[in-house]
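Enquirer: Pasting a predicted model and its sequence here:
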There are 2 protein chains.
Amino acid sequence: MKRSKQQTRLRILDAAFGLFWRQGFLRVSVDEIAARAGITKRALYQHFPSKDDLMAMTLAHSSKLAIDRLRAFPRAGEPGAFIDSFFADLSEWAAKPKWSGGGFTRVVVELADLRGHPARSIARNHKTAVEQWLADGLATGGVSSQRERAREIMLLTEGAMALMLIHGDRSYAQTAARAAKRLVRKEY
Amino acid sequence: MKRSKQQTRLRILDAAFGLFWRQGFLRVSVDEIAARAGITKRALYQHFPSKDDLMAMTLAHSSKLAIDRLRAFPRAGEPGAFIDSFFADLSEWAAKPKWSGGGFTRVVVELADLRGHPARSIARNHKTAVEQWLADGLATGGVSSQRERAREIMLLTEGAMALMLIHGDRSYAQTAARAAKRLVRKEY
DNA sequence: CCATGTAAATACACTCGTCAGTATACTTCG
DNA sequence: CGAAGTATACTGACGAGTGTATTTACATGG
């Protein structure tokens, strides 16, 4: 059962991501992560020095994945359609049976009082990248003041995630999409 | 040092609120709460049967306080001014040195995978009440489609809390206020 | 083709700390 | 007396991280 270092590392990151995402940081034990990765705890600690580091690495890894996914997202064409498909995607994501909100925001909330935690700056960079991606997409669609519009869409997106989680009601994503489309209309 | 049952109960709720709000549910121990309330743990357990119940009672209590505070909020007059003062209040709140986001949202996020937890329905009711309060305020100001507009403002508010926490940048509240004002304009 | 070294992982017991919740006997105040 | 609380020690569980000896599989060189 010899596996390459990289391979095992990835297995651990995948396992950690799935668990952190569903149950948060504090409610997941290192033993659980190791078990899910099909590995012993001792072996896990040969790859990551501590649970906090593992969490930071996990976030960094899933940020990469999420941003790759965004890059593949259809962004050209009319901004209304772009916004619609963006929020439709969000809504579909939230439809997963055990959806527990966005992983990045969740982590930041959970570690809200720990200002210096490495995971927080990763989450910050991630959100900044998404906002930038939105601004680029809007500019491509001919929207002016893309920076402000992109921020507004970020606000609506984060709000939709929180309220969908609180109420278990996905229609908040639709409301957010309608609001976003009105906000980017030229006539306004 | 004889105190009335009600008095002690309130001291505990206050202590718990302060700690839960800053550090979340999991990161606070019952011992800490008791110490902060100036009481022994044993005495605390004569008022609340478990930490989970205490948390639920704490949320219910602080929901009452928050809604009383909202009721005292100036709501009459021009909707633009109403929205401005609402988000200004939010921004000021977030300026507190150790601000850690909204307590209700934080709790829901932290317990995201525990669907049946009593604290969650309290948070849900709270957000519903706030949304209703917003709709009433908008209607008073002559805004039409107040329900949809109120939902949009909720989205912007929750988003602003999340992003202010993530980035440590209060300007998201201003962006949210501007967006909200544009969304309620009659001409739209 | 086989020996042997070595990286990766196992098995498993153990330390140390934390924390929810309990038990029991005592105290204070009205 | 009785309600409210103190003091203090305890149980039982869980979890992060370590120590140590052992095993598996591949690589390389003879």
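Expert: Sure thing, it's come through. Numbering: from 1, shown residues only, chains lettered A, B, ... in the order given.

Enquirer: close to DNA strand D, is the helix or strand bottoming out on mean pLDDT in chain A?
Expert: Ranked by mean pLDDT, DSSP states H and E, the weakest helix or strand in chain A is helix A:103-110, scoring a mean of 91. No: using Cβ under 7 Å from any atom of the strand, we find that helix A:103-110 stays clear of DNA strand D, coming within 13.2 Å at best. From N, CA and C alone the C-beta is placed, and that goes for glycine too.

Enquirer: What are the buried residues along that helix?
Expert: A:Gly103, A:Phe104, A:Thr105, A:Arg106, A:Val107, A:Val108, A:Val109, A:Glu110 (16 or more other Cβ atoms under 10 Å in any protein chain shown).

Enquirer: And the first one, how close does it get to A:Pro79?
Expert: Taking Cβ to Cβ, to the nearest Å as the criterion, A:Gly103 is separated from A:Pro79 by 27 Å.

Enquirer: before we move on, what about the fifth one?
Expert: Applying Cβ to Cβ, the value for A:Val107 to A:Pro79 is 31 Å.

Enquirer: Now do the closest residue to DNA strand C within chain A: how many residues are near it, please.
Expert: When scored by Cβ to the nearest atom of the strand, chain A has A:Thr8 as its residue closest to DNA strand C, at 2.9 Å. Other residues within reach of A:Thr8, judged by other Cβ atoms under 10 Å in any protein chain shown, total 17.

Enquirer: Quick check, A:Trp99 in contact with A:Trp93.
Expert: Yes: applying Cβ atoms under 8 Å, one finds A:Trp99 in contact with A:Trp93, separated by 7.0 Å.

Enquirer: Please say which of those two ends up with more neighbours.
Expert: A direct count of neighbours by other Cβ under 10 Å for A:Trp99 and A:Trp93 places A:Trp99 higher, at 18 against 14.

Enquirer: near DNA strand C, which residues of chain A?
Expert: A:1-5, A:7-8, A:38-43, A:46-47.

Enquirer: now do 10 Å
Expert: Proximity of chain A to DNA strand C (Cβ under 10 Å from any atom of the strand) is limited to residues A:1-12, A:31, A:34-35, A:37-47.

Enquirer: out of these, which are buried?
Expert: A:Thr8, A:Arg9, A:Arg11, A:Ile12, A:Ala34, A:Ala37, A:Ile39, A:Leu44, A:His47.

Enquirer: could you pick out which of the residues you listed are near DNA strand D?
Expert: A:Ala34, A:Leu44.

Enquirer: Next up, phi/psi of A:Gly142, please.
Expert: Note on A:Gly142: its backbone torsions stand at phi 80, psi 20 [degrees, to the nearest 10].

Enquirer: ok, it - contacts?
Expert: A:Gly142 makes contact with A:Pro79, according to Cβ atoms under 8 Å, 6 or more residues apart in numbering or on different chains.

Enquirer: For it, report the pLDDT, please.
Expert: Note on A:Gly142: pLDDT of 95.

Enquirer: Ok, A:Gly24 next?
Expert: We have a pLDDT of 94 for A:Gly24.

Enquirer: ok, the nearest residue to it once chain neighbours are set aside - contacts?
Expert: Counting by Cβ to Cβ, 6 or more residues apart in numbering or on different chains, A:Glu110 is the residue found nearest to A:Gly24 once chain neighbours are left out, at 5.4 Å. Neighbouring residues of A:Glu110 by Cβ under 8 Å, 6+ apart: A:Gly24, A:Phe25, A:Leu26, B:Gly24, B:Val109, B:Glu110.

Enquirer: wait, the fifth one sits on A:Arg106?
Expert: It refers to B:Val109. Yes: contact criterion Cβ under 8 Å: B:Val109 and A:Arg106 qualify, at 5.4 Å.

Enquirer: tell me, what's touching the two both at once?
Expert: With Cβ under 8 Å, 6+ apart as the test, B:Val109 and A:Arg106 both reach A:Gly24.

Enquirer: Check which residues of stretch A:171-178 are buried.
Expert: For stretch A:171-178, by 16+ other Cβ under 10 Å, it's A:Tyr172, A:Ala173, A:Thr175, A:Ala176, A:Ala177, A:Arg178.

Enquirer: Assign a three-state SS to the first one, would you?
Expert: So that's A:Tyr172. Assigned with DSSP: H, G, I helix; E, B strand; the rest coil, A:Tyr172 falls in the helix class.

Enquirer: circling back: need the buried residues of helix A:103-110 in TSV with distance to B:Ser85, can you?
Expert: Formatted as TSV, those follow (distance: Cβ to Cβ, whole Å):
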residue	distance to B:Ser85
A:Gly103	34
A:Phe104	31
A:Thr105	27
A:Arg106	31
A:Val107	32
A:Val108	28
A:Val109	26
A:Glu110	31
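
Enquirer: that older thread, contacts (any at all) between chain B and the very next helix or strand once past the least confident helix or strand of chain A?
Expert: Later in the chain than helix A:103-110, the nearest helix or strand by DSSP states H and E is helix A:118-140. Yes: using Cβ under 8 Å from any Cβ of the partner chain, a contact is recorded between helix A:118-140 and chain B, made by A:Arg120, A:Ala123, A:Arg124, A:Lys127, A:Thr128.

Enquirer: ok, how many other residues are close to A:Leu134?
Expert: So A:Leu134, with other Cβ under 10 Å, has 25 neighbours.

Enquirer: rewinding a little: nearest to A:Ser62, of the buried residues of stretch A:171-178?
Expert: Using Cβ to Cβ, A:Ala173 comes nearest to A:Ser62 of the buried residues of stretch A:171-178, at 21.1 Å.

Enquirer: Relative to A:Pro49, how far out is A:Ala56?
Expert: Plainly put, A:Ala56 is 11 Å away from A:Pro49 if you go by Cβ to Cβ.
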